[in-house]
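**Student:** below is the sequence, then the predicted model.
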Amino acid sequence: MDKINIVVCSNDTEYKVALKNKLVDENIEIIGYSDVEPSAKVRILGFVPDIVAFLVSRIDIDSQLMDFIEDMNLSSIGAVPIILTDEVNVDIVNMAAQAGVRQVMNIEVGAEEFCKSITKLASKERKHSVAQNTEKRTRSKVYSFFSGKGGVGKTTLCTNTAVALASRGKKTLLIDLDLQFGDADMALDVSPNETIVDLSRDLNGISLDNITSSCTTHPSGFMLLASPSSPELAEYVTSAAVKSILDIARNYFEYILMDCGCALVDPVITALENSDTIFMVNDVNILSLKRAKVCLNVIQQLNQGDKARLIINKNLKKNNVNISDFENLLGIPAYAVISNDFKSVNSSLNNGQPVVVYKPRSPIAKDMNSFVDKLVLEREGTLANDKKSKLRKKNS
């Protein structure tokens, strides 16, 4: 059976911890948390979960909470709402049923019983979707590209990934979060009219319309939310703004890429915490090796260590530092290895065209396309709709 994804909606930290401790089934996973607040709807819908667990005290279960749950219309995305509380009675069960809640459980329910109930609920919902001939929307994915060392090729990898995804027909957003010295717009040869600063300072707030209007559309089809035009403007981009952008963008874009700067400022930390995967990008030298360990330690201190993936960029076959040195030091395997091809990359940058477009038959372009194929396969489970990828492989 496929993974069962849960989003937890609660204001109580103890309840959140209690629920997490019940997940003894490896097929059940918490993919996000939200407080019980108006903005929760946008956040939850963006995650596209199988189960939404509302963890609330009995005294907080009232008609207002039920209206809140009902207004979410979770059935529209194939999600099952449940409630866990400290006391279950007939009135609560009846009230919950009228709001579309499938099950009410005591927060003290045993781990095995909880997992069995969740599995049964998710299985019924999936069978119902098949019977109704409805296809569950695939959850969007947020990727951060991060490194503690400059010059490792984060921007090159990020921009080429965005172009390759767009060429496959994927709705893609690239956010340049190198807030002081970002240059994704230059690498892509585009001139943004607005940047992430304009979006963050918009008096009308952050909405999908405001996000798209603040972006620049690349000829390949993806959208770029550019970094501030000047370093001193970085202070206007807050953690709250970054979180809101991601929560809202998840509902529209299939893939969200963030080119994070080397500085661990609050907005970057928020980006890492709200990512599904953190790609630690490194080139093969002793300085990168040292910084990679430091970066992994920081990510683990943020309790995001399970999201970390290793990318080796500018790989050289004959070198004193090699891939196994990174894998052994960090304790994680290389997720992707990108060839070193300075000439092709430099030429593509100077011409304002990503290398996957400028020199599609080069080894580095093939490595990057293989990396993108892996991302698509992991998220969607198939490359069947990737006609361009098939044609490319046939001709290579």
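**Tutor:** Yep, that arrived.
**Student:** remind me which residues of the chain are low pLDDT?
**Tutor:** Low-confidence segments of the chain (pLDDT under 70): 1, 129-138, 383-396.
**Student:** need the single longest helix in it, by residues.
**Tutor:** Secondary structure assigned by DSSP state H gives helix 111-131 as the longest helix of the chain.
**Student:** list the buried residues in that one.
**Tutor:** 114-115, 117-119, 121-122, 125-126 (16 or more other C-beta atoms under 10 Å). All C-beta atoms are positioned from the backbone trio N, CA, C, and that covers glycine.
**Student:** could you work out the most separated pair of these?
**Tutor:** Largest separation among the buried residues of helix 111-131 by C-beta to C-beta: 114 and 126, giving 18.7 Å.
**Student:** show me what the longest helix of the chain is packed against.
**Tutor:** Using 3 or more C-beta pairs under 8 Å, 6 or more residues apart in numbering; DSSP states H and E, the elements in contact with helix 111-131 are strand 4-9, strand 28-34, strand 51-55, strand 80-85, strand 103-106.
**Student:** could I get the ones you listed in TSV, plus columns for distance to residue 281 and mean neighbour count?
**Tutor:** Listed next are these as TSV, based on distance: least, C-beta to C-beta, whole Å; neighbours: other C-beta atoms under 10 Å:
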stretch	distance to residue 281	mean neighbour count
strand 4-9	27	23
strand 28-34	24	18
strand 51-55	34	24
strand 80-85	38	23
strand 103-106	43	17
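**Student:** what residues are bridge-paired with residue 308?
**Tutor:** residue 278 (DSSP bridges).
**Student:** please begin residue numbering at 247 from this point
**Tutor:** In the new count, where the first residue is 247, that last one comes out as residue 554.
**Student:** isn't it right next to residue 542, touching?
**Tutor:** Yes. Residue 554 is within contact range of residue 542, at 6.0 Å (criterion: C-beta atoms under 8 Å).
**Student:** shared neighbours of these two, which are they?
**Tutor:** 526, 578 (C-beta atoms under 8 Å, 6 or more residues apart in numbering).
**Student:** need the residues that contact the longest helix of the chain.
**Tutor:** With C-beta under 8 Å, 6+ apart as the test, helix 357-377 has contacts from 247, 250, 252, 267-271, 273-274, 296-297, 324-326, 328, 348-349, 351, 355, 381-382.
**Student:** do that again at 7 Å, thanks
**Tutor:** Residues from elsewhere that reach helix 357-377, judged by C-beta atoms under 7 Å, 6 or more residues apart in numbering: 250, 268-271, 274, 296-297, 324, 326, 348-349, 351, 382.
**Student:** just stretch 508-524 next, same as before
**Tutor:** 387-390, 392-396, 423, 425, 483-485, 488-489, 492, 504, 506-507, 544-545, 548, 550, 553-555.
**Student:** just the endpoints, please. Distance across it?
**Tutor:** Using C-alpha to C-alpha, to the nearest Å, the end-to-end distance of stretch 508-524 comes to 13 Å.
**Student:** report the buried residues of it.
**Tutor:** 508, 510-511, 513-524.
**Student:** roughly how far does residue 411 sit from residue 322?
**Tutor:** 26 Å (C-beta to C-beta, to the nearest Å).
**Student:** between those two, which has more neighbouring residues?
**Tutor:** Comparing residue 411 with residue 322 by other C-beta atoms under 10 Å, the one with more neighbours is residue 411, at 24 against 10.
**Student:** hey, where'd the strands end up in this protein?
**Tutor:** For the chain, applying DSSP state E gives strands covering 250-255, 274-280, 297-301, 326-331, 349-352, 387-392, 418-423, 462-463, 469-471, 501-506, 523-529, 554-561, 580-585.
**Student:** now these in JSON lines, with distance to residue 401?
**Tutor:** Below are these laid out as JSON lines (distance: least, C-beta to C-beta, whole Å):
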{"stretch": "strand 250-255", "distance to residue 401": "31"}
{"stretch": "strand 274-280", "distance to residue 401": "28"}
{"stretch": "strand 297-301", "distance to residue 401": "37"}
{"stretch": "strand 326-331", "distance to residue 401": "41"}
{"stretch": "strand 349-352", "distance to residue 401": "47"}
{"stretch": "strand 387-392", "distance to residue 401": "8"}
{"stretch": "strand 418-423", "distance to residue 401": "8"}
{"stretch": "strand 462-463", "distance to residue 401": "15"}
{"stretch": "strand 469-471", "distance to residue 401": "11"}
{"stretch": "strand 501-506", "distance to residue 401": "5"}
{"stretch": "strand 523-529", "distance to residue 401": "10"}
{"stretch": "strand 554-561", "distance to residue 401": "11"}
{"stretch": "strand 580-585", "distance to residue 401": "13"}
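**Student:** can you say which of the ones you listed is nearest to residue 337?
**Tutor:** Nearest to residue 337, of all those, is strand 349-352, at 10.6 Å by C-beta to C-beta.
**Student:** what packs against the closest one?
**Tutor:** strand 326-331, helix 336-344, helix 357-377 (3 or more C-beta pairs under 7 Å, 6 or more residues apart in numbering; DSSP states H and E).
**Student:** how about CSV for these, with distance to residue 450 added?
**Tutor:** Below are the helices and strands packed on strand 349-352 laid out as CSV (distance: least, C-beta to C-beta, whole Å):
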stretch, distance to residue 450
strand 326-331, 31
helix 336-344, 36
helix 357-377, 36
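**Student:** what's the closest of those to residue 469?
**Tutor:** Closest among these, using C-beta to C-beta: helix 357-377, at 30.0 Å.
**Student:** the inter-axis angle of that closest one versus strand 250-255?
**Tutor:** 110 degrees (axes from the mean of the first three to the mean of the last three C-alpha atoms, to 10 degrees).
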